[in-house]
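Asker: build me a model from this:
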Amino acid sequence: MKKLFKQIHLNFLNILFPPRCIICGKFITKAYGFCTDCEILTPKTEGTKEEHKFGDGKLQYVDFCASPFYYENGIRKALIRMKFQGKCAFAEAFADPMMQAFTNAFKNKAYPRAQSISWVPISVARSKERGYDQSKLLANHLGRVMDLPVLPTLKKVVNNPMQSSLKAKDRKGNVLGVYELDREFNAWTEMKAIILVDDIFTTGATINEAAKIIKAGGAENIYALFAAKTRASNKSEQF
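Answerer: Take a look at the predicted model:
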């Protein structure tokens, strides 16, 4: 009954505020996502030579990574608007593609099944400034489509310069010591295999540092999942 009322409420909202493509703004028939044209034109990673290339083998604390899109063109613009311009509703559009990218990456791998989802947090100061944490939004929507619990693992204790403001060689040092285990993590340490969500993969410095802290706290497997990734030949565009 609760699901029925929720669907009725959603249908009513869609009548009042018809959903639009998050890239071009055209009206669409589904509740969220991309129009047919933009769906075709989105820069997908699947089947490309860089689909499974993340960090050039330097992510020693991450078991594997996945991402459905390259951080280019319309996807880049949509993520910038989601992250900096208050378009937090855009996060929902990435849930299904991220789930599919994870499924493709996970198959034929001898890893334990994921038990939960978490996210790489931004600092309290930056969260207050924006009004939300974009990676947490992505994780929450992903948890809904994958039917997995979304639980905190980390807190960011240093409001360091944004990675996008730094050169690739300076990013590893910029994230050292900025994360600590969240107090709630101790209550669910039986969850040993975790999908760790972040918005954009560039050099891998952030996700590797975050995974290091979580594994030190007792996790055994970290599967990193991103909304988009930069190509190996273009590592200077993270926002």
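Asker: going forward, measure contacts between C-alpha atoms and count neighbours the same way
Answerer: Fine.
Asker: where do the helices sit along this structure?
Answerer: All helices of the chain, identified by DSSP state H, fall at 2-16, 36-41, 73-84, 95-106, 124-130, 134-146, 168-174, 205-216.
Asker: could you redo those helices as JSON lines and give each row distance to G47, mean pLDDT and mean neighbour count?
Answerer: Shown next, in JSON lines, are the helices of the chain (distance: least, Cα to Cα, whole Å; pLDDT from 0 to 100; neighbours: other Cα atoms under 10 Å):
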{"stretch": "helix 2-16", "distance to G47": "34", "mean pLDDT": "48", "mean neighbour count": "11"}
{"stretch": "helix 36-41", "distance to G47": "14", "mean pLDDT": "92", "mean neighbour count": "12"}
{"stretch": "helix 73-84", "distance to G47": "18", "mean pLDDT": "95", "mean neighbour count": "18"}
{"stretch": "helix 95-106", "distance to G47": "10", "mean pLDDT": "95", "mean neighbour count": "19"}
{"stretch": "helix 124-130", "distance to G47": "35", "mean pLDDT": "90", "mean neighbour count": "13"}
{"stretch": "helix 134-146", "distance to G47": "22", "mean pLDDT": "97", "mean neighbour count": "22"}
{"stretch": "helix 168-174", "distance to G47": "26", "mean pLDDT": "62", "mean neighbour count": "14"}
{"stretch": "helix 205-216", "distance to G47": "24", "mean pLDDT": "94", "mean neighbour count": "21"}
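Asker: what about those, which gets the closest to S116?
Answerer: helix 134-146 (8.0 Å; Cα to Cα).
Asker: list the helices and strands the closest one packs on?
Answerer: For helix 134-146, the packing partners by 3 or more Cα pairs under 8 Å, 6 or more residues apart in numbering; DSSP states H and E come out as helix 95-106, strand 116-119, strand 193-201.
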